[in-house]
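> Output the structure for:
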Amino acid sequence: MALNKKSKESESDDFNLTKNAFLKFSGITLLIALGVAFSAILYFSYQDYIHPKHVYGRWIEIGTPEYDTEIMTLSERGVFRNERLITTDFGYDGTLITVTTGSGQTVYQVAGTPKSPQLKRVTPSSPAQRFIKSGYEDTVKSGGGAAKRRRTALSEHFNSKK
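Predicted structure coming up:
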């Protein structure tokens with residue numbers, strides 16, 4: 001009879017041991033699965049963040065006279081400057097756009113706000129060049145450059161003397 005009682009306790013201990021091992025294994029598996037899922041979410045959200053679709057569109061130069069305004073178009077087909085293809089590829093890392101042509105490399109930085117998306121040319125830094133996305137032109141003051149402002153100031157000065 002003592003042998004029978006001992007074997008029941010042994011079976012109970014084996015069951016508790018298997019149950020504990022199963023719970024530990026399940027917990028570890030759950031943690032690993034959560035880690036993999038979190039990593040996948042981070043990876044795919046970063047890939048979406050650096051996708052060039054965020055800068056696709058027409059970009060209009062600001063701060064220049066109308067007759068000398070450059071229009072740059074970024075698309076899946078490449079980069080167009082004033083409706084002419086300059087390269088079929090460009091790089092985008094979430095903040096910088098790198099355009100490489102036969103005449104060298106030009107780097108633009110995404111600037112502005114979501115309500116006024118802008119690009120600022122970083123390389124080459126001279127002459128300074130800024131673009132605004134088409135459709136948002138009304139969010140910036142059209143200064144027309146220093147010469148236009150100077151002419152307007154002189155005109156207002158002499159017209160107010162009359």
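> from here on, contacts and neighbour counts on C-alpha atoms
Fine.
> what residue lies at the spatial centre of the protein?
Centre of the chain computed as the mean C-alpha position; nearest residue by Cα atoms, centre = their mean is Gly94, 3.2 Å away.
> Please report the distance of the nearest residue to that one once chain neighbours are set aside from Val110.
Nearest non-adjacent residue to Gly94, counting by Cα to Cα, 6 or more residues apart in numbering: Ile50, 4.4 Å away. Distance, Ile50 to Val110, by Cα to Cα, to the nearest Å: 12 Å.
> same thing with Asn82?
Distance of Asn82 to Val110, computed by Cα to Cα: 20 Å.
> Look at those two and report which has more neighbours.
Val110 (19 against 14; other Cα atoms under 10 Å).
> any idea which element that one lies in?
Using DSSP states H and E, Val110 maps to strand 104-113.
> which residues are in contact with the helix or strand following that strand?
Beyond strand 104-113 on the C-terminal side, the first helix or strand identified by DSSP H and E is strand 116-123. Outside strand 116-123, the residues within contact range by Cα atoms under 8 Å, 6 or more residues apart in numbering are 59, 105-112, 128-133, 136, 139-140.
> Tell me the buried residues within these.
59, 106-111, 129-133 (16 or more other Cα atoms under 10 Å).
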